[in-house]
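Chemist: Fold the following and give me the result.
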Amino acid sequence: MLNMNENSRRFLEKYLPSALLTDNIRDALESLYRLIDEKGFAPPHYYDYNDFGREAQRVYDDLYLSN
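Modeler: Okay, here's the model as predicted:
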């Protein structure tokens with residue numbers, strides 16, 4: 001079971017439930033990275049995070065630091 005705070009768990013339940021099914025932190029972080037890459041950047045140049053990307057990055061950081 002991966003360690004994380006409640007906000008991270010709720011985010012993953014909503015947007016990436018498959019990450020909760022793994023005990024491998026590397027797999028969970030890779031899946032989250034792909035989700036951030038797909039939905040987390042704001043136009044027009046896609047250099048900056050949008051609101052979703054900022055929230056997803058907080059979850060990524062929490063998972064990384066807690067495991």
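Chemist: Tell me where the model's unsure across the chain.
Modeler: Nowhere does the chain drop to pLDDT under 70.
Chemist: From the contact counts, what lies against the one helix or strand Arg34 maps to?
Modeler: Arg34 belongs to helix 25-39 when elements are defined using DSSP states H and E. When contacts are defined as 3 or more Cβ pairs under 8 Å, 6 or more residues apart in numbering; DSSP states H and E, helix 25-39 packs onto helix 51-66. All C-beta atoms are positioned from the backbone trio N, CA, C, and that covers glycine.
Chemist: Give me the phi and psi angles of the residue lying closest to Asp48 once chain neighbours are set aside.
Modeler: Nearest non-adjacent residue to Asp48, counting by Cβ to Cβ, 6 or more residues apart in numbering: Ala42, 5.2 Å away. With angles defined as degrees, to the nearest 10, Ala42 sits at phi -100, psi 140.
Chemist: ok, Ala42 to Tyr49 distance?
Modeler: According to Cβ to Cβ, to the nearest Å, Ala42 stands 7 Å off from Tyr49.
Chemist: Centroid-wise, who is the farthest residue in the protein?
Modeler: In the chain, Pro44 marks the outermost C-alpha relative to the chain mean, sitting 22.4 Å out by Cα atoms, centre = their mean.
Chemist: that older thread, what sits up against the helix holding Arg34?
Modeler: Outside of helix 25-39, the residues within contact range by Cβ atoms under 8 Å, 6 or more residues apart in numbering are 2, 12, 15-16, 18-20, 22, 49-50, 52-53, 56-57, 59-60, 63-64, 67.
Chemist: buried set for it?
Modeler: For helix 25-39, a neighbour-count test (16 or more other Cβ atoms under 10 Å) marks 28-29, 32, 35-36 as buried.
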